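Asks: one predicted model, sequence on top.
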Amino acid sequence: MIKFFSNLTILILLVSSTLLFAQNIKVDTSVFPKAQKGYEQFIIEVPHSSLEEDANKKIEIFVGKYMDVDTCNRHSLMGEFQSKDLQGWGYSYLEFNTNGDAISTMMGCGDNKMVSKFVTGQSYLTDYNGRMPIVIYVPEGYEVQYKIYQAMPEQFKALQTPKK
């Protein structure tokens, strides 16, 4: 009987931790098109904030995948973002297109050590809107990561060079 309860407790803990860490999308994105064959849809739900706070924030979006690369060169995924209008809604969404090619600098690495690194293409910087999700379509096998930047409320004055 004790073994049954301990197994039951473990099962309850596993299920509840899975539910806690699962990402649930809270906004309705049904107006956006379904992902085309070979693509996946990603959604960034930015935390809600006031219009004043939104004006001081930007979001930088990265699409990439983990690759085994050397440690001394810089690596980049070839690809580009396209902003597309959601016809009839006044919203837009992003599409990232790539053929999977990656480029790198060509320095000789003495140790030939390889590491797994998230290799991204050129990032996409956009305004922050805490009331709208950002919808992105990327080829299967790639993932989306992002950073949120916030400006300081102070504005600073640049120094003028003296005239000669």
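Replies: Yes, it's here.

Asks: which residue lies nearest the spatial centre of the protein?
Replies: The centroid of the chain falls nearest to residue 145 when counting by Cα atoms, centre = their mean (2.2 Å).

Asks: name the element that one belongs to?
Replies: strand 143-150 (DSSP states H and E).

Asks: repeat for residue 37
Replies: Using DSSP H and E, no helix or strand contains residue 37.

Asks: residue 53 too?
Replies: Using DSSP H and E, residue 53 falls in helix 51-55.

Asks: what is the orientation angle of the very next helix or strand once past that helix with strand 143-150?
Replies: Of the helices and strands lying after helix 51-55 in sequence (DSSP H and E), the nearest is strand 57-70. Relative orientation of strand 57-70 versus strand 143-150 (axes from the mean of the first three to the mean of the last three Cα atoms, to 10 degrees): 140 degrees.

Asks: in the helix or strand following strand 57-70, which residues are buried?
Replies: Note on strand 57-70: by DSSP H and E, the next helix or strand toward the C-terminus is strand 75-77. Neighbour-count burial for strand 75-77, with 16 or more other Cβ atoms under 10 Å as criterion, is recorded at 75, 77. Every C-beta, even on glycine, is put in place using the N, C-alpha and C of the backbone.

Asks: can you give the strand pairings for strand 75-77, parallel or anti for each?
Replies: When pairing is defined by DSSP bridges, strand 75-77 lines up against strand 102-104 (antiparallel).

Asks: partner strands of the next helix or strand after the strand it pairs with, with direction?
Replies: Going down the chain from strand 102-104, the next helix or strand is strand 114-120, by DSSP H and E. Taking DSSP bridges as the criterion, strand 114-120 sits next to strand 57-70 (antiparallel) in its sheet.

Asks: and the partner strand, average pLDDT?
Replies: The pLDDT scores in strand 57-70 average 94.

Asks: same question, stretch 128-135
Replies: pLDDT averaged over stretch 128-135 gives 86.

Asks: for that stretch, which positions count as buried?
Replies: Under 16+ other Cβ under 10 Å, the buried positions of stretch 128-135 are 128, 133-135.

Asks: restricted to strands, list those residues.
Replies: 134-135 (DSSP state E).

Asks: circling back: neighbouring strands - and their directions - for the strand holding residue 145?
Replies: Assessed with DSSP bridges, strand 143-150 is paired to strand 57-70 (antiparallel).
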